[in-house]
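Asker: below: sequence and its predicted model.
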Amino acid sequence: MQFLQDAYLKNLAGKTLTDPSLHMRFLLEDKIRCQQLFHQGGGMFLDLSRQHLCSDVLNILMKEADQAGVQEKFAAMMAGKKVNTSEDRAALHTAARNADMPVRVDGQNIARILGDIHGKAFEFSSQVHDKKICGSKGKPFSDVLVLGIGGSRLGTQAVYEALNARHNCFLPLHFLSTVDPHAFIAQTRKLNPASTLVLVVSKSFTTREVVDINLSLVRNWLENAELRPSEHIVHITGKGSPGDNVSESACLRVFHIFDFIGGRYSVTSAVGSLPLSLAFGPDVVKGLLAGCREMDTHAATSPADQNLPLLAALCDIWNGDYLGFPAFAMIPYAAPLQYFPAHMQQLYMESLGKGLSLAGQAIPHDKGAMFCFGDTGTDAQHSFFQMLHQGRPLPLDLIGILQPPPECRASSEGSRAHEELWTHLLAQADAFALGRTGGRPEQLCPGNRPVSIITLKNLMAEDVGHLLAFLEARTVYTGFLKNLNPFDQFGVENGKIMASELRKSLSESIFSSSGTTGLYLKALKKGDLSLPNQNGTQDPPR
Ligand SMILES: O=P(O)(O)OC[C@H]1O[C@H](O)[C@H](O)[C@@H](O)[C@@H]1O
């Protein structure tokens, strides 16, 4: 760390990190430094000039990346090497968008198989749009209800909302993930079962919320409307899972996904290509895949000093491991990107939140990956930005879209709204960097807070693909730089094991679970929560 900090200081004339002349206020006056930290590639822009970075530090970080062979690892991942070592699997989300580039795993051309599944998804969607496939009472489908959780929901929802801004939607998607019955009621209340197509998205087809509880609720809902569920339900699931090879009475069609694409990386597999082509048609999905492909190629082939996802990953390592920031926030100044922070949260934290390195060494907490959270701008300005301006500092990613929506261009009011949005983005970037001096003491803002500005040219399918693949590649590169496996998620299993034990206790009315858990289990049976008295027995409910 000292080594890197020294390089930072040397580059900036031997000051200490807290030296006032190292304040972003002065760094931003250095035009050459700003140019060196402004990058374009893979269809988008990355401005790191408001980071505590200089070319010396970047050079050292890039040298580390080179020594760790991260670009070779990235190429090996794309070529089908089993980089997910703990599960002995390849990690081939990139092959899902490049059917023409053969990738062989265990003797099979995976890219072709994935491309063929996209083809089947497109054909199915077209048949639904053409009313050749209808509900069991002959009603054309008007809505799609997507059951899925985690990686089987977040990415698709993020991309769906983003694509909805500029593309015509034929069939709206509605997402049901949590097991909370309120969510089921809220989603189905607005739907007509006779014209609802249900997609059950679960790679394992063992996720209780999805395939046990919510699917049962949905089947009942369809049956109560005197419909045949098998003509309304489609499975998107792992080959060989309990949802595969089911009888005709279970569902209309099965689309396959594979264990070499993890849930959080799966938007461009059938997990996303079927619902998104039902919503927008195959051409829009092809545009999304093309955008991802452009960024994948950029991520795999550009030299480190021009490679946007790698530079972003190095900046994350610098902020988290060296400067000690515990978290970063992602703030899209674009309402259609509202679910991207949640998608990134899973992508980043599930991929990088690990306890052991690939060498089997414990990763100290202060060297673990940063937490990730976020919300859209300008809303975030009116909720948690206060703390970031004057309380604990955190790095931020501000995302902007260069082109306004076409409807805006027709009116001066519309253009004004788009310009106002960008004004806020830039004002915040500068306010975090420059701070505020003068005025009363409580008005002081220290500034010097790191900000990256990520700019997409537009919000067409290709642009959304650029962003999606950029975030994936940034996460993978960070994992490789940290020498951990960004493709497994064994931590999640523990909660599932606990839940199955508690489920058993509940069904057998055994209330002796640890701590206060037994109290809650009993309350669930009785419908009331009574606290234990001093003797350890429970008072009757009042
Ligand atoms: O697709 P499924 O098998 O239903 O899994 C859904 C999700 O649940 C798991 O618990 C994992 O944490 C996620 O990575 C996964 O995407």
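Answerer: Received it, and whenever you're ready, just let me know what you need. Residues are numbered from 1 along each chain as shown.
Asker: so which bits of stretch 375-388 are buried?
Answerer: In terms of neighbour count (16 or more other C-beta atoms under 10 Å), stretch 375-388 has its buried residues at 375, 376, 377, 378, 380, 381, 384, 385, 388. C-betas here are computed from N, CA, C, even on glycine.
Asker: any chance of those residues in TSV, plus secondary structure, pLDDT and distance to residue 317?
Answerer: Formatted as TSV, the buried residues of stretch 375-388 follow (DSSP: H, G, I helix; E, B strand; the rest coil; pLDDT from 0 to 100; distance: C-beta to C-beta, whole Å):
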residue	secondary structure	pLDDT	distance to residue 317
375	coil	97	25
376	coil	98	27
377	coil	95	25
378	coil	94	30
380	helix	96	25
381	helix	96	28
384	coil	96	25
385	helix	97	25
388	helix	96	21
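Asker: the longest helix in the protein is where?
Answerer: In the chain, taking DSSP state H as the definition, the longest helix is helix 412-434.
Asker: and the average pLDDT for that helix is what?
Answerer: What helix 412-434 shows for mean pLDDT is 91.
Asker: same question, stretch 218-237
Answerer: 97.
Asker: and residue 84, what does it touch?
Answerer: For residue 84, the contact set (C-beta atoms under 8 Å, 6 or more residues apart in numbering) comprises 90, 91, 260, 262, 485, 487, 488.
Asker: related to what we said a few turns ago, what's the first helix or strand after the longest helix of the chain?
Answerer: The helix or strand immediately downstream of helix 412-434 is strand 451-456, counting by DSSP states H and E.
Asker: hmm, who's touching that next one?
Answerer: Applying C-beta under 8 Å, 6+ apart, the contact partners of strand 451-456 are 43-48, 50-51, 312, 315, 334, 395-402, 425, 428-429, 432-433, 463-464, 466-467, 470.
Asker: thinking again about what came up before, farthest-apart pair in the contacts of residue 84, please.
Answerer: 260 and 485 (13.9 Å; C-beta to C-beta).
Asker: and those two? which has more neighbours close in?
Answerer: Between residue 260 and residue 485, residue 260 has the larger neighbour count (other C-beta atoms under 10 Å), namely 25 against 22.
Asker: around the ligand, which positions in the stretch 1-150 of the chain sit nearby?
Answerer: Residues of the stretch 1-150 of the chain that fall close to the ligand, judged by C-beta under 6 Å from any ligand atom: 149, 150.
Asker: in the stretch 1-150 of the chain, what residue is nearest the ligand?
Answerer: residue 150 (3.0 Å; C-beta to the nearest ligand atom).
Asker: what of the chain?
Answerer: Per C-beta to the nearest ligand atom, residue 263 is where the chain lies closest to the ligand, at 2.4 Å.
Asker: can you give the distance of stretch 56-66 from its chain's centre?
Answerer: Averaged C-alpha coordinates place stretch 56-66 at 27 Å from its chain's average position (C-alpha atoms, centre = their mean, to the nearest Å).
Asker: which positions within it qualify as buried?
Answerer: 56, 57, 58, 60, 61, 62, 65.
Asker: give me the most central residue, the chain.
Answerer: Central residue of the chain (C-alpha atoms, centre = their mean): residue 343, 2.2 Å from the mean position.
Asker: tell me the mean pLDDT for the helix or strand hosting residue 284?
Answerer: Residue 284 is part of helix 282-301, with elements assigned from DSSP H and E. Averaged across helix 282-301, the pLDDT comes to 98.
Asker: and the contacts of the next helix or strand after it?
Answerer: Counting by DSSP H and E, the element after helix 282-301 in chain order, helix or strand, is helix 308-317. With C-beta under 8 Å, 6+ apart as the test, helix 308-317 has contacts from 39, 41-42, 44, 46, 48, 51, 53, 58, 61-62, 65, 70-71, 295, 298-299, 302, 304-305, 328, 369-370, 452, 470, 473-478, 481-482.
Asker: check stretch 185-198 too.
Answerer: Identification of contacts with stretch 185-198 by C-beta under 8 Å, 6+ apart yields 128, 135-137, 139-145, 147, 171, 174-176, 218, 221-222, 224-225, 227, 229, 232-234, 278.
Asker: the residues you listed in strands, which ones?
Answerer: 143, 144, 145, 147, 174, 175, 176, 233, 234 (DSSP state E).
Asker: can I get the buried residues of stretch 375-388 in TSV including distance to residue 442?
Answerer: Putting the buried residues of stretch 375-388 into TSV (distance: C-beta to C-beta, whole Å) gives the following:
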residue	distance to residue 442
375	25
376	28
377	25
378	23
380	22
381	19
384	19
385	16
388	16
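Asker: buried among the contacts of strand 451-456? Need that as a selection in ChimeraX.
Answerer: Here is the ChimeraX selection string for the buried members of those, based on 16+ other C-beta under 10 Å:
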select :43,44,45,46,47,48,50,51,312,315,334,395,396,397,398,399,400,401,425,428,429,432,433,463,464,466,467,470
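Asker: C-terminal to the helix or strand bottoming out on mean pLDDT in the chain, what's the next element?
Answerer: The weakest-scoring helix or strand in the chain, judged by mean pLDDT, DSSP states H and E, is helix 2-11 (a mean of 54). Following helix 2-11 in sequence order, the next helix or strand is helix 24-27 (DSSP H and E).
Asker: packing partners of the next helix-or-strand element following that following helix?
Answerer: Proceeding N to C from helix 24-27, the next assigned helix or strand is helix 31-36, under DSSP H and E. Of the remaining helices and strands, none touches helix 31-36 by 3 or more C-beta pairs under 8 Å, 6 or more residues apart in numbering; DSSP states H and E.
Asker: then helix 31-36 to CSV, C-alphas only?
Answerer: Taking C-alpha atoms only, helix 31-36 is exported to CSV below (Å, rounded to 0.1, in the frame of the first residue of the first chain):
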residue,chain,number,x,y,z
LYS,A,31,-5.7,19.2,-17.9
ILE,A,32,-3.2,16.6,-19.0
ARG,A,33,-4.0,14.4,-16.0
CYS,A,34,-7.8,14.7,-16.7
GLN,A,35,-7.2,13.7,-20.4
GLN,A,36,-5.1,10.7,-19.3
